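> got a predicted model here, sequence first, then my questions.
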Amino acid sequence: MDRLTKEQRKKNMRAVKNKDSKIELKLRKALWEKGYRYRKNYNKVEGKPDIVITKYKLVIFCDSEFWHGYDWTNKQKEIKSNQEFWTKKIESNMERDKKVNMALESQGWKVLRFWGKEIQKNIDECISKIETMIEVK
């Protein structure tokens, strides 16, 4: 059972940002400082990736832990309200992420996905992974 009214829940959900989140901004800033140029929220590529480096045919997604199901087998048990809805929602997000990855890879794109906590705690490692993908060409 949801603790919020439908109107309150609707207001909360509308406030969720789908672009320019803190984790995206942090990763983009680090890439820019390294001299990499990119497109953000590029809708000409399937899945509308957060960052696209077209020169290297590389797409990067910055995934928040809740919406994309980080450690899902354990976290799923922690959902207290409206469990059926959230389970279905997050699992469909996870399935969509897999399909988008497969579609992009079949089109020749290199795909990287970073968890928000990876970006927050280890930005240098994220940049290193990106540079490794760029060098692989």
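Cool, the structure landed. Numbering: from 1, shown residues only.
> secondary structure element for the nearest residue to residue 47 once chain neighbours are set aside?
Beyond its immediate neighbours in the sequence, the residue positioned closest to residue 47 (CB to CB, 6 or more residues apart in numbering) is residue 100, lying 3.6 Å away. C-betas here are computed from N, CA, C, even on glycine. Assigned by DSSP states H and E, residue 100 belongs to helix 83-106.
> list the contacts of residue 130.
Residue 130 makes contact with 31, 36, 58, 60, 112, according to CB atoms under 8 Å, 6 or more residues apart in numbering.
> in the chain, which spans are helices?
Ranges of helices in the chain, per DSSP state H, are 6-14, 22-33, 65-68, 72-75, 83-106, 116-121, 123-136.
> what is the rounded mean pLDDT of the last one?
Read that as helix 123-136. Computed over helix 123-136, the mean pLDDT rounds to 94.
> any idea how far that helix is from the chain center?
17 Å (CA atoms, centre = their mean, to the nearest Å).
> buried set for it?
When neighbours are counted by 16 or more other CB atoms under 10 Å, the buried residues of helix 123-136 are found to be 123, 126-127, 130, 133.
> now do the longest one
Neighbour-count burial for helix 83-106 flags 90, 97, 100-101, 104 (criterion: 16+ other CB under 10 Å).
> for those residues, which one is nearest residue 52?
Using CB to CB, residue 104 is the member of those that lies nearest residue 52, at 10.1 Å.
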